[in-house]
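Novice: give the three-dimensional model of this entry:
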Amino acid sequence: MRVRTLLSLAIPLACAALFVRLGVWQLARHDQRAALNSGLDARLVAPPVPLGDLAADTTKARWTRVTVTGRFRYDLEQVQAGRASEGSPGVHLITPLQRDGNDTLVIVTRGWVYSPDAASADLTRWHEAESVSLTGYLVPLVAEGLVAPADPKAALRSLNLAALRTRLGVPIAPVQIVMTSDSLARADSVPKRLPPPIVDAGPHRSYAVQWFAFALIAIIGGGLLFQRTVVADAAKR
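Specialist: Model (predicted):
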């Protein structure tokens with residue numbers, strides 16, 4: 001009886017300790033995310049820098065605002081399927097940019113256009129200026145992902161280096177630029193530019209509150225269970 005009485009208190013307290021530890025961990029995750037976001041947020045409001053001034057390793061340049069001059073390669077343009085905007089189906093226009101004196105193309109996401117099937121668009125309808133000096137923010141391209149469909153006219157489902165290099169057959173920089181500026185074309189040929197990323201710390205703080213609530217429930221429930229066990233044991237003596 002004595003062992004059962006002790007366990008009726010020890011188990012809930014052990015669970016409460018675990019829940020508190022998980023809550024503290026979620027708070028630490030929140031602080032880490034907030035610290036990371038402060039750097040990303042600063043990049044989104046900082047003046048743009050020339051793309052060529054960035055270090056070769058761009059993995060730490062996410063959301064850095066950049067400027068670049070070149071020529072859009074509309075002959076190599078792609079669409080990324082399944083891109084919704086305010087509840088409407090559409091695609092993103094993915095246009096490689098050729099820089100003077102550089103054979104490595106830079107992928108530019110020019111924006112969103114409506115597409116009933118969310119997989120196709122009249123690309124000539126959305127041609128802007130050919131030679132441009134554009135501004136946008138940088139997003140590193142992942143190395144692998146969904147493969148490019150065998151049909152060269154089919155939309156891409158994933159933007160990744162392997163799929164783009166397979167589809168285009170030319171060297172591609174390991175980043176994409178999400179275009180935010182205009183290129184002085186006809187007003188009706190400019191796709192809808194994508195909004196800046198939303199910077200938030202995620203749900204970690206609310207998760208922490210939940211874990212602390214579980215810990216409180218475990219303590220209260222454990223106390224009640226212990227009391228009932230003690231009373232029951234006393235009655236059996």
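Novice: in this structure, which spans are helices?
Specialist: For the chain, the helices defined by DSSP state H cover 2-45, 161-168, 204-236.
Novice: now do I107 against P47, distance only.
Specialist: 23 Å (C-beta to C-beta, to the nearest Å). Quick note: C-beta positions are derived from backbone N, CA and C, even for glycine.
Novice: those two: which is more packed in?
Specialist: Neighbour totals were compared for I107 and P47, and I107 leads with 23 against 7 (other C-beta atoms under 10 Å).
Novice: verify the contact between that one and N160 for me.
Specialist: No: proximity of I107 to N160 does not meet the contact threshold set by C-beta atoms under 8 Å, at 10.5 Å.
Novice: for R83, the count of nearby residues, please.
Specialist: 21.
Novice: and the nearest residue to V113 once chain neighbours are set aside, how far is that from L123?
Specialist: Leaving aside its chain neighbours, V113 sits nearest to P191 (4.8 Å; criterion: C-beta to C-beta, 6 or more residues apart in numbering). Look at P191 and L123: by C-beta to C-beta, they are 10 Å apart.
Novice: and L159, by the same measure?
Specialist: 17 Å.
Novice: if we can go back for a sec, please report how far the residue nearest to V113 lies from A150.
Specialist: 27 Å.
Novice: what's the answer for Y74, then?
Specialist: As judged by C-beta to C-beta, Y74 and A150 stand 22 Å apart.
Novice: residue closest to the middle of this protein?
Specialist: Computing the C-alpha centroid of the chain and ranking residues by C-alpha atoms, centre = their mean puts P197 first, at 8.3 Å.
Novice: more neighbours, P191 and A150?
Specialist: Each of P191 and A150 has its neighbours counted (other C-beta under 10 Å); P191 has more, 21 against 7.
Novice: my guess is the more buried one contacts T109. True?
Specialist: No: assessed by C-beta under 8 Å, P191 is found out of contact with T109, at 9.4 Å.
Novice: common neighbours of these two, please.
Specialist: L93 (C-beta atoms under 8 Å, 6 or more residues apart in numbering).
Novice: coming back round to it: which residues are common contacts for P191 and L123?
Specialist: Joint contacts of P191 and L123 (C-beta under 8 Å, 6+ apart) are L93.
Novice: where does pLDDT dip in the chain?
Specialist: Residues of the chain meeting the criterion pLDDT under 70: 1-4, 36-40, 59, 183-188, 199-201, 230-237.
Novice: break it into its domains for me.
Specialist: 2-41+202-236, 64-189 (automatic domain parsing).
Novice: mind listing what the residue nearest to A208 when sequence neighbours are not counted touches?
Specialist: Spatial nearest neighbour of A208, chain neighbours left out: Q26 (3.8 Å); criterion: C-beta to C-beta, 6+ apart. When contacts are counted by C-beta under 8 Å, 6+ apart, Q26 touches H204, R205, Y207, A208, W211.
Novice: now do the second one against D31, distance only.
Specialist: Relative to D31, R205 is positioned 10 Å away (criterion: C-beta to C-beta).
Novice: more neighbours: which of these two?
Specialist: Comparing R205 with D31 by other C-beta under 10 Å, the one with more neighbours is R205, at 17 against 13.
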